[in-house]
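Chemist: Sequence first, predicted model second:
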Amino acid sequence: MALFGFLNGSMEINISNPVVVDGDKIKGEIKLKIKKPLQSKGLYIDLLLENVSTQIGTNGVKRSTSRTRLARIDLESEKAYSPGDYIIPFEVTCPNLFSSGIAGQIGSIISGITSGLQSKKLLLNGVLQISFFTNISKTKSIMVNKRG
């Protein structure tokens, strides 16, 4: 839960390649705009797989969305920030979202339904953690295409 993070500053995530193939490098940068002095607990990016499932039944159509964290990449440890602009570059390898391991995490039913899909959505969730209840964060989506 991130309360009042906007009072401390803002975050942007810029990536050079918004569409990648599984196994590619994702290169980008986090831009922080800090409004007042603060002490952070760390800066990281969570890689999240977003799954959307649709069930059609006698009661109509039901859609549900879930997110599975695949990895956390620590970019900075505890740090004191003064007001100003900061740019933190990053590079991560896109996981293979089409392997049976990921499909196994989602479940065999969803795997069977989505096996014909050739792309999936990966979310990069950047977080500057200030305290347990206060973060500055931003999420950016990337389309991942199946290799081959």
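Modeler: Received the coordinates, thanks. Numbering: from 1, shown residues only.

Chemist: Phi, psi for Pro95 please.
Modeler: For Pro95, the backbone dihedrals (degrees, to the nearest 10) come out as phi -70, psi 160.

Chemist: Roughly how far does the closest residue in space to it that isn't next to it in sequence sit from Ser16?
Modeler: The shortest distance from Pro95 to any non-neighbouring residue, by Cβ to Cβ, 6 or more residues apart in numbering, is to Leu70 (5.4 Å). Where you see a C-beta, it was placed from the backbone N, CA and C, and this is true even at glycine. Remark: distance between Leu70 and Ser16 (Cβ to Cβ, to the nearest Å) = 20 Å.

Chemist: And for Gly60?
Modeler: Relative to Ser16, and taking Cβ to Cβ, Gly60 is found at 42 Å.

Chemist: more neighbours, those two?
Modeler: More crowded of Gly60 and Ser16, by other Cβ atoms under 10 Å: Ser16, with 11 against 7.

Chemist: centroid residue for the chain?
Modeler: Leu124 (2.3 Å; Cα atoms, centre = their mean).

Chemist: what pLDDT does that residue get?
Modeler: Leu124 is assigned 94 on the pLDDT scale.
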